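1. model this:
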Amino acid sequence: MPYLRYFCIFVAIIIVCLTVFIDHAEAESWRTASRESAGIAPDPAVTPEAVIQVYGARAYSWRGYFGIHTWIAVKPSYATAFTIYEVIGWRLRRNRRVLVSHNKPPDSRWFGSMPEVLADKRGGGVDELIARIEKVARDYPYKRAYSVWPGPNSNTFTAWVSRSVPELELDLPPTAIGKDFLGHQLFDSAPSGRGFQLSLYGMLGILVSQVEGVELNLLGLTFGIDPTPMAIKLPMVGRVSLTSQN
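-> Predicted structure coming up:
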């Protein structure tokens, strides 16, 4: 049927044009999106104590509707700057390692998205934790691999570090897609390091932990309940408190 053929060609042209337009719009906004400090991190110039902070912010573009990007910031005692450890997927396009460490404000906006502090440790004993974080980061097994879904990605790295440094008591939100990616392993500790989980390539699994509560992973999406304090965990939405706020 020639009319159907012409219609399909027309639809294909429209799809291609829209794809090019969206890619162009994203490229422009990528260049102009804010990377400024949010003003929520301690100033190293007036903070002599050691500091560890874990941040999360909605991912860039359409990915932000589904999940967040996370990173780890460390500042040893008397250091004059933070060191940021994070995984950046687009570095693979230039055949570079996705895991990077650099010095910059730890609370920089992630291409316009406001960051949120997910963990904050300071003072005595934190220098030892920083040394462990640096060692664990060097051992990260996916330095040249990246997949937005189901992983490995930035959240896979943050969870990798947190499992080995349970003192962080990090409760990654359900929007941290990739946190449950275990590669070829089926069993491991929970991302907080304070429980256990079963996961099939980050696509299907269950987690039980005194920090995260109980979580079900279905196709990379997290559903769960946290009893302390009572809250439910939902894909895209995040953690929803069920306790009254006074």
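2. Surely T243 is in contact with P229?
-> Yes. Look at T243 against P229 with CB atoms under 8 Å: they come within range, at 4.8 Å. (Each C-beta comes from the backbone N, C-alpha and C, glycine too.)
3. Show me where the chain has its strands.
-> 51-58, 68-75, 83-87, 99-103, 116-122, 187-189, 195-200, 204-209, 213-218, 221-227, 230-234, 238-241 (DSSP state E).
4. buried ones in the shortest one?
-> Counting neighbours by 16 or more other CB atoms under 10 Å, one finds that the buried residues in strand 187-189 are 188-189.
5. Just name the most buried of the strands of the chain.
-> Greatest average neighbour count among the strands of the chain goes to strand 68-75 (a mean of 26), per mean count of other CB atoms under 10 Å.
6. From the contact counts, what lies against it?
-> Applying 3 or more CB pairs under 8 Å, 6 or more residues apart in numbering; DSSP states H and E, one finds that strand 68-75 makes contact with strand 51-58, strand 83-87, helix 126-138, helix 154-164.
7. Figure out which of the ones you listed is closest to T175.
-> strand 51-58 (7.8 Å; CB to CB).
8. who touches the nearest residue to V240 once chain neighbours are set aside in this structure?
-> Leaving aside its sequence neighbours, V240 sits nearest to I232 (CB to CB, 6 or more residues apart in numbering; 5.1 Å). Residues in contact with I232 (CB atoms under 8 Å, 6 or more residues apart in numbering) are 224-226, 239-240, 242.
9. Out of the residues you listed, the closest to P106 would be?
-> The shortest gap between P106 and any of those belongs to R239, at 22.0 Å (CB to CB).
10. So that closest one versus P173, what's the distance?
-> Applying CB to CB, to the nearest Å, the value for R239 to P173 is 5 Å.
11. Overlap of the contact sets of those two?
-> Both R239 and P173 are in contact with K233, where contact means CB under 8 Å, 6+ apart.
12. want to throw the strands of the chain into TSV with mean pLDDT?
-> Converted to TSV, the strands of the chain look like this (pLDDT from 0 to 100):
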stretch	mean pLDDT
strand 51-58	97
strand 68-75	98
strand 83-87	97
strand 99-103	95
strand 116-122	97
strand 187-189	96
strand 195-200	96
strand 204-209	97
strand 213-218	96
strand 221-227	93
strand 230-234	94
strand 238-241	91
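13. Tell me which of those strands lies nearest to A45.
-> Smallest distance to A45 across these (CB to CB): 11.0 Å, for strand 68-75.
14. now the angle from that closest one to strand 99-103?
-> Comparing the axes of strand 68-75 and strand 99-103 via axes from the mean of the first three to the mean of the last three CA atoms, to 10 degrees yields an angle of 50 degrees.
15. for E212, what are its contacts?
-> 171-172, 190-192, 194-195, 224, 226.
16. got those residues as CSV, with distance to G89 columns?
-> As requested, these are exported to CSV (distance: CB to CB, whole Å):
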residue, distance to G89
D171, 24
L172, 18
A190, 24
P191, 19
S192, 24
R194, 28
G195, 28
G224, 26
D226, 29
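17. Farthest-apart pair in those, please.
-> R194 and G224 (14.7 Å).
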